[in-house]
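Participant: got a structure for you, letters missing:
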């Protein structure tokens, strides 16, 4: 599972590198990899909720894991990107845009103010957003909070757990498909944005939870499931709407069956997993690379540099911030 996290974090990094620099490295699996993280969360959150004494402890455990690195990423960018702003430091820190960025991003309202004053505003930038990855964090929190609501509803109305989860997956897929059709009819980007928000990601999250409920049979057939799901995903990738209808089921199955394969790399188990930190920190580092100039025809060295710097900052975040807060009650 740790290896799966690293692979998906790297795929998201490469996808954003391609989008921001105009390069064409590997293939674009950014959306599916984000969904894969949600599927892993769905697989892990149900047992986490069941082990917690109450909802407060469940939320507290999630907060200690998720919030410190997130706040670190937001504040680090706000302070350090003064060196890449077209404004002098005195104007940068007193500009209302600086404080709006801090307030919006610390409260998960990233879309309200994604940029810092004078930062990443040149024509070489695909957009001026400081960290285009952070939009998923509000979705992640809503998915976590959906678990106690879902379990309460199942107990209250005496639903069958598996049937209720399948119903949520179907409704989520239909929700996203509906917004995609609206986008095609109107060409308004807002429908794409709305389609990938919380209700559009429930399909990945609850596919992960569904695997947890069937984990014994799933694990017994993990190799067959992995190969079959991978082949079906490749075969259906170019079919219209397959990324909405089939991808949540197939990609979740790929990620979770891969996670259950009984192979590992020794150093992965001996070190703290930094994939979450890589996810949080890579986007502004790519923007800084664009600031210094990236030749799309020769992307490998800049990509290697971005990856190395991201990993170093991620290790710093884990050992100075995250580890400290995990020990707190």
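Facilitator: Perfect, I can see it now. Remember, it's a predicted structure, so these values are computed and weren't measured experimentally.
Participant: quick one, strands of the stretch 51-200 of the chain?
Facilitator: Taking DSSP state E, counting those that start in this stretch as the criterion, the stretch 51-200 of the chain carries no strands.
Participant: lowest confidence element among the helices and strands of this structure?
Facilitator: In the chain, the helix or strand scored least confidently by mean pLDDT, DSSP states H and E is helix 266-270, which has a mean of 57.
Participant: Downstream of that helix, the next helix or strand is which one?
Facilitator: The C-terminal neighbour of helix 266-270 among helices and strands, as given by DSSP states H and E, is helix 275-292.
Participant: Same question for that next one: list its buried residues.
Facilitator: Buried positions in helix 275-292, judged by neighbour count with 16 or more other CB atoms under 10 Å: 275-291. In short, each C-beta sits where N, CA and C put it, glycine included.
Participant: The helix or strand harbouring residue 16 - contacts with which helices or strands?
Facilitator: Residue 16 belongs to helix 2-21 when elements are defined using DSSP H and E. Judged by 3 or more CB pairs under 8 Å, 6 or more residues apart in numbering; DSSP states H and E, the packing partners of helix 2-21 are helix 30-51, helix 247-259, helix 266-270, helix 275-292, helix 300-317.
Participant: most remote residue from this structure's center?
Facilitator: The centre of the chain is farthest from one residue, residue 90, which by CA atoms, centre = their mean lies 34.3 Å away.
Participant: Touching, residue 20 and residue 287? I think so.
Facilitator: Yes: with contacts counted by CB atoms under 8 Å, residue 20 reaches residue 287, the gap being 6.4 Å.
Participant: Pull up the overlap in contacts between these two.
Facilitator: Common contacts of residue 20 and residue 287 (CB atoms under 8 Å, 6 or more residues apart in numbering): residue 125.
Participant: Please name whichever of the helices and strands packed on helix 2-21 is nearest to residue 172.
Facilitator: Residue 172 sits nearest to helix 247-259 of all the helices and strands packed on helix 2-21, at 7.5 Å, using CB to CB.
Participant: State the mean pLDDT of that closest one.
Facilitator: Taken as a whole, helix 247-259 has an average pLDDT of 93.
Participant: Check stretch 109-122 too.
Facilitator: The model assigns stretch 109-122 a mean pLDDT of 92.
Participant: got the contact list for that stretch?
Facilitator: Applying CB under 8 Å, 6+ apart, the contact partners of stretch 109-122 are 77-78, 81, 84-87, 91-92, 95, 97-98, 100-101, 103-105, 127-132, 134-135, 137-138, 193, 287, 290-291.
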